[in-house]
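1. 3D, please:
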Amino acid sequence: MAKKKQIKHIAIAGNIGAGKTTLTQMLAKQFGWTPNFEDVENNPYLNDFYNDMQRWSFNLQIFFLNSRLHQLINIQKGSETVIQDRTIYEDAHIFAPNLHEMGLMSKRDFENYSNFFQTLKNLVNPPELLIYLKASVPTLVGQIQKRGREYEDNIRLDYLKRLNEHYNNWIEHYTDGPLLVIDIDKTNFAENEADLAMVVEKINAQINGLF
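-> This is a model prediction of the structure:
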C-alpha cells in the first residue's frame with residue numbers, strides 16, 4: 001500500500017470576525033498541526049489604517065503580503081503540517097480591490113500591488129485545503145463586538161458588506177485546490193461541541209482524499 005502523502009498546508013479564509021483565529025487554534029489542537037496566525041499585534045500600520053484608510057492602505061497591504069509570503073516560504077521549507085489563519089489570496093482578491101473601489105487606494109498603487117502579488121504567487125504553492133468561513137454581516141458584527149478589539153471600533157457596516165461580496169465572488173471562482181465552505185450563521189464551533197465535531201469530520205473527509 002502506497003504511503004499517504006503528508007498534507008503540509010491548510011488555510012482558513014474569511015471576513016473580519018468570521019472566527020478564523022478561533023478555528024485555527026481549535027484545529028491545531030485537534031490534529032496536532034502548527035498554527036500560523038495573522039501578525040496583528042506587531043503590525044505597525046493597523047491603527048493608522050483604521051484612522052486614515054486612504055493614507056495607509058498601500059502600506060498595510062504590502063505589510064500583509066510580505067508577512068504571508070514569509071509564512072508560505074517557511075511552510076514549504078518545513079516538515080510539519082501548518083494551518084494558516086488567513087491567506088495571501090485574500091489580500092489580493094478581497095482587501096486591495098475593495099480599497100481601490102472605495103477610492104482608498106490609488107489606481108497606481110493598486111496596479112503596482114497587483115503586479116507584485118502575481119509575481120509572488122508564482123513562487124509559492126496554494127494550500128492543499130482551503131477552508132472558507134462564510135458569514136452574514138450581522139453575524140460578523142456580533143462576533144467583532146464580542147471580542148472587543150479597540151482598533152476594530154471604527155469598522156463600518158458598508159465596509160464589511162463590500163468585503164463579504166468580494167469574498168463570495170472569490171470563493172465562487174476559486175480553482176486553486178480543494179475547498180471546504182462552512183456556514184458560520186449555522187455553525188457555532190466556538191461554543192458548540194457538536195458543531196466543532198461536524199467541522200472536524202468534514203475536514204477529515206477532505207484530507208483523506210474524498211474530494
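2. So for the top helix by length along the chain, what gets flagged as buried?
-> When the chain is parsed with DSSP state H, its longest helix is helix 53-77. Neighbour counts over helix 53-77 (16 or more other Cβ atoms under 10 Å) mark 53, 56-58, 60-65, 67-69, 71-72, 75 as buried. (Each C-beta comes from the backbone N, C-alpha and C, glycine too.)
3. what does stretch 83-101 give?
-> 83-100.
4. Spatially central, which residue of this protein would that be?
-> Centroid-nearest residue in the chain: Arg86, 2.2 Å away (criterion: Cα atoms, centre = their mean).
5. ok, now how distant is that one from Phe37?
-> Arg86 sits 9 Å away from Phe37, going by Cβ to Cβ, to the nearest Å.
6. Next: Leu99.
-> Counting by Cβ to Cβ - Leu99 and Phe37 are separated by 23 Å.
7. again with Thr175
-> 27 Å.
8. Neighbour count: the two, which is higher?
-> More neighbours surround Phe37 than the other of Thr175 and Phe37, with 16 against 6 (other Cβ atoms under 10 Å).
9. Now do the same contact list for the more buried one.
-> Counting by Cβ atoms under 8 Å, 6 or more residues apart in numbering, Phe37 touches 21, 24, 85.
10. For my notes, please list those residues in TSV and give pLDDT, secondary structure and distance to Glu191 for each entry.
-> As requested, the contacts of Phe37 are exported to TSV (pLDDT from 0 to 100; DSSP: H, G, I helix; E, B strand; the rest coil; distance: Cβ to Cβ, whole Å):
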residue	pLDDT	secondary structure	distance to Glu191
Thr21	92	helix	15
Thr24	96	helix	16
Asp85	93	strand	19
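11. any chance of these in CSV, plus distance to Val124?
-> Converted to CSV, the contacts of Phe37 look like this (distance: Cβ to Cβ, whole Å):
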residue, distance to Val124
Thr21, 22
Thr24, 19
Asp85, 17
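12. what sits up against the lowest-mean-pLDDT helix or strand in the chain?
-> Ranked by mean pLDDT, DSSP states H and E, the helix or strand of the chain with the weakest confidence is helix 137-147, at a mean of 83. Helix 137-147 is contacted from outside by 15-19, 135, 152, 155, 157, 160-161, 164, 184-185, using Cβ under 8 Å, 6+ apart.
13. Show me what secondary structure element comes after it.
-> helix 157-172 (DSSP states H and E).
14. name the helices or strands packed onto that next one?
-> Helices and strands touching helix 157-172, by 3 or more Cβ pairs under 8 Å, 6 or more residues apart in numbering; DSSP states H and E, are strand 9-14, helix 88-90, helix 96-101, strand 129-134, helix 137-147.
15. starting at the chain centroid, how far to that helix?
-> Helix 157-172 sits 13 Å away from the centroid of its parent chain (Cα atoms, centre = their mean, to the nearest Å).
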